[in-house]
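Asker: Please work out how this folds:
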Amino acid sequence: MHFVDYTIVIVFMLAVFTAGTWLGKNVKDVQGYYNAGKNLPWWAVMLSIVAAETSVLTFLSIPGLAYISDLSFLQVCMGYVLGRFLVAFVLLPMYARGNYISVYESIREKGGITMQRVMSITFMFTRLLADGVRLFAVAIPLSMITGISYSASIWILGFVTVVYTWFGGIRSVVWMDVVQWIIYITAAFFTLGIAYNLLPEPGAILSTMAEAGKFKLFTFNLNMSNYSIFSGLLGGAVLSMASHGTDQLIVQRVLSCKDVNASKKAMIGSGFVVFFQFSLFLILGLMIYAVWNGASLAEAGLTKSDEVFTLFIINQLPPVIKGITVAGIFAAAMSTLSGSLSALSSSTTMDIIKPLFKLNVSEDKLFKISRFVTLVWGIIMVGGASLFTNMNNPLVEVGLSIASFTYGAMLGMFILTRFFAQAQVWQYVITFFTTLLVMMFVIQGTSVHWTWYTIIGLIVSVVTEQILVRITSQIKT
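Answerer: Okay, the predicted model is just below:
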């Protein structure tokens with residue numbers, strides 16, 4: 001990288017550090033720390049949701065997905081939009097009425113403190129493992145581009161992110177997410193423009209790509225081992241309903257809006273922004289495919305599609321644009337990490353620590369505990385990520401796929417406690433862990449496409465709980 005690129009990245013990091021800590025100057029209590037006093041504008045929360053779900057793996061791998069295939073992934077994005085409508089009108093009103101800080105507090109009414117803790121701990125385990133891996137993953141392209149070591153990259157972005165999250169809580173997280181989203185989207189647009197200008201004959205090449213099926217969007221079949229309009233719409237909708245309706249990482253943000261209508265706008269709007277964003281990333285991948293004349297991964301000197309965008313950044317981007325793009329990679333990583341830290345802290349404090357104190361703890365003390373928990377999670381996540389030495393560790397594969405078999409079980413619990421008659425706590429517990437076991441078998445033992453995982457988990461969860469309820473009822477009679 002050129003000196004000016006390093007300067008851009010350093011200025012960006014210092015600006016984020018300064019602004020993020022400044023935003024936290026007026027945070028004085030737990031409500032302000034975890035839901036910003038419910039006064040964040042819906043459009044800022046909307047962009048924060050998008051930034052939170054856009055990890056560096058997404059930023060770098062989606063162009064590679066288009067490079068080796070086509071635009072069929074957008075079928076899933078259409079399902080994402082549909083799923084957010086369901087979250088907005090089915091789940092958000094329930095959370096708003098309860099005035100919750102942690103989404104898992106809503107489980108307590110029917111599932112008791114036991115299920116609240118089970119759900120919260122499952123979320124913590126999922127988030128720690130998956131985002132710890134993502135944090136390490138960002139160090140690989142940054143090391144390739146900048147020459148900075150893996151550990152140094154992790155500790156630099158980790159330090160900045162932990163500090164501003166510790167100071168400002170969700171307020172700093174949301175506003176820094178907005179800035180970071182603008183940065184990485186700007187980087188994507190600059191890269192798209194450069195890729196287009198590198199095309200020798202844009203019209204002819206675009207026609208060739210069309211003939212090769214690179215612009216294929218819809219697949220109408222019932223094949224459960226690949227993308228289709230059915231798995232995209234149904235699977236994407238249910239997955240989005242789980243990830244955006246039961247995951248504290250996302251729900252904490254929408255609960256920071258002033259009222260339920262603002263929360264609905266943020267949730268639904270994020271679906272359309274995500275669709276636009278994924279379209280941009282996929283088109284970028286097609287442009288790189290055209291610039292490289294349709295070379296295979298092997299011909300381009302690559303071993304996997306995730307490396308396509310990184311290699312293009314190294315070889316094709318000029319100074320300044322390269323610096324902005326590297327800042328965009330840092331931004332995507334920081335938005336994911338900051339949101340995870342705030343969500344982990346709020347879930348730990350409200351679902352585990354506060355109940356243990358039996359509510360006999362002052363607000364001031366609880367606020368101090370909240371900040372301490374944020375710091376502890378930051379050290380655990382950044383320190384754990386820095387221990388990885390290669391991407392061949394089996395933990396990486398587990399970390400990136402674990403949400404696939406927990407989301408169905410978690411969404412099932414919310415559906416069961418929201419729309420079905422109250423069951424006994426042990427029935428909820430058995431249902432939850434039975435669903436996890438079934439999903440482990442589905443993921444490891446079948447060729448079912450990941451878009452169906454959450455649907456299968458949801459069905460297993462509801463059916464299992466209803467069977468247990470009926471068996472118990474028969475025994476009693």
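
Asker: Centre of the chain to the helix or strand where residue 341 lies, how far?
Answerer: Secondary structure from DSSP states H and E places residue 341 in helix 321-347. Relative to its chain's centre, helix 321-347 lies at 11 Å (Cα atoms, centre = their mean, to the nearest Å).

Asker: If we go by neighbour counts, what in it is buried?
Answerer: Residues 321-347 are the ones in helix 321-347 that count as buried (16 or more other Cβ atoms under 10 Å). The C-beta positions use only the backbone N, C-alpha and C, and glycine is treated the same way.

Asker: cool, and stretch 52-71?
Answerer: The neighbour-count criterion (16+ other Cβ under 10 Å) identifies 52-67, 69-71 as the buried residues of stretch 52-71.

Asker: now do stretch 272-288
Answerer: Buried residues in stretch 272-288, counting neighbours by 16+ other Cβ under 10 Å, are found at 273-275, 277-288.

Asker: Tell me which residues are up against it.
Answerer: 46-47, 50, 53-54, 58-59, 62-67, 71, 73-74, 77-78, 80-81, 185, 188-189, 191-192, 195-196, 199, 209, 214-215, 308-309, 312 (Cβ atoms under 8 Å, 6 or more residues apart in numbering).

Asker: Sketch out the low-pLDDT regions of the stretch 151-300 of the chain for me.
Answerer: Filtered on pLDDT under 70, the stretch 151-300 of the chain yields the residue ranges 223-225.

Asker: Show me the longest helix that occurs in the chain.
Answerer: Longest helix of the chain, by residue count under DSSP state H: helix 150-197.

Asker: Which helix or strand lies directly C-terminal to that one?
Answerer: Helix 150-197 is succeeded, C-terminally, by helix 202-211 (DSSP H and E).

Asker: Going toward the C-terminus from that next one, what's the next helix or strand?
Answerer: The element immediately downstream of helix 202-211 (helix or strand, assigned by DSSP H and E) is helix 229-230.

Asker: List of residues touching that next one?
Answerer: For helix 229-230, contacts defined as Cβ under 8 Å, 6+ apart pick out 75, 218, 219, 220, 221, 222.

Asker: surely the first one meets residue 221?
Answerer: No: under the contact definition of Cβ atoms under 8 Å, residue 75 does not touch residue 221, with a separation of 11.6 Å.

Asker: Pull up the overlap in contacts between these two.
Answerer: Both residue 75 and residue 221 are contacted by residue 228, under the criterion Cβ under 8 Å, 6+ apart.

Asker: Compare the two and say which is more crowded by neighbours.
Answerer: Using other Cβ atoms under 10 Å as the criterion, residue 75 and residue 221 rank with residue 75 on top: 21 against 11.

Asker: From residue 209, how far out is the more buried one?
Answerer: Note on residue 75: its distance to residue 209, by Cβ to Cβ, to the nearest Å, is 19 Å.

Asker: do residue 459 as well
Answerer: 39 Å.

Asker: same check, this time on residue 309
Answerer: According to Cβ to Cβ, residue 309 and residue 209 sit 18 Å apart.

Asker: again with residue 344
Answerer: Here residue 344 is placed at a distance of 43 Å from residue 209 (Cβ to Cβ).

Asker: residue ranges with poor pLDDT in the stretch 351-477 of the chain?
Answerer: 358-361, 387-404, 477.

Asker: Which members of the buried residues of stretch 272-288 are positioned in helices?
Answerer: Per DSSP H, helices hold the following members of the buried residues of stretch 272-288: 273-275, 277-288.

Asker: State the pair within those that is farthest apart.
Answerer: Comparing all pairs in those by Cβ to Cβ, the longest separation belongs to 273 and 288, at 23.0 Å.

Asker: contacting residues for residue 55?
Answerer: So residue 55 contacts 131, 134, 137, 332, 333, 336 (Cβ under 8 Å, 6+ apart).

Asker: tell me which of the residues you listed is nearest to residue 431?
Answerer: residue 131 (26.8 Å).

Asker: Distance check, the residue nearest to that closest one when sequence neighbours are not counted against residue 67.
Answerer: Using Cβ to Cβ, 6 or more residues apart in numbering and skipping the chain neighbours, the partner closest in space to residue 131 is residue 340 (4.6 Å). Here residue 340 is placed at a distance of 29 Å from residue 67 (Cβ to Cβ).

Asker: and what of residue 458?
Answerer: 33 Å.

Asker: Flag every buried residue along stretch 211-231.
Answerer: For stretch 211-231, the neighbour count (16+ other Cβ under 10 Å) marks 214, 219, 224, 227, 228, 229, 230, 231 as buried.

Asker: Any chance of those residues in CSV with distance to residue 364 as columns?
Answerer: Output for the buried residues of stretch 211-231, formatted as CSV (distance: Cβ to Cβ, whole Å):
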residue, distance to residue 364
214, 59
219, 57
224, 54
227, 52
228, 54
229, 54
230, 53
231, 50
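
Asker: gap between the residue nearest the centre of the chain and residue 263?
Answerer: Nearest to the mean C-alpha position of the chain, counting by Cα atoms, centre = their mean, stands residue 53 at 2.9 Å. Applying Cβ to Cβ, the value for residue 53 to residue 263 is 16 Å.

Asker: Quick check: end-to-end length of stretch 284-298?
Answerer: 20 Å (Cα to Cα, to the nearest Å).

Asker: Buried residues, whatever helix or strand residue 371 lives in. List them.
Answerer: Residue 371 is part of helix 363-386, with elements assigned from DSSP H and E. Counting neighbours by 16+ other Cβ under 10 Å, one finds that the buried residues in helix 363-386 are 366-367, 369-371, 373-375, 377-378, 381-382, 384-386.
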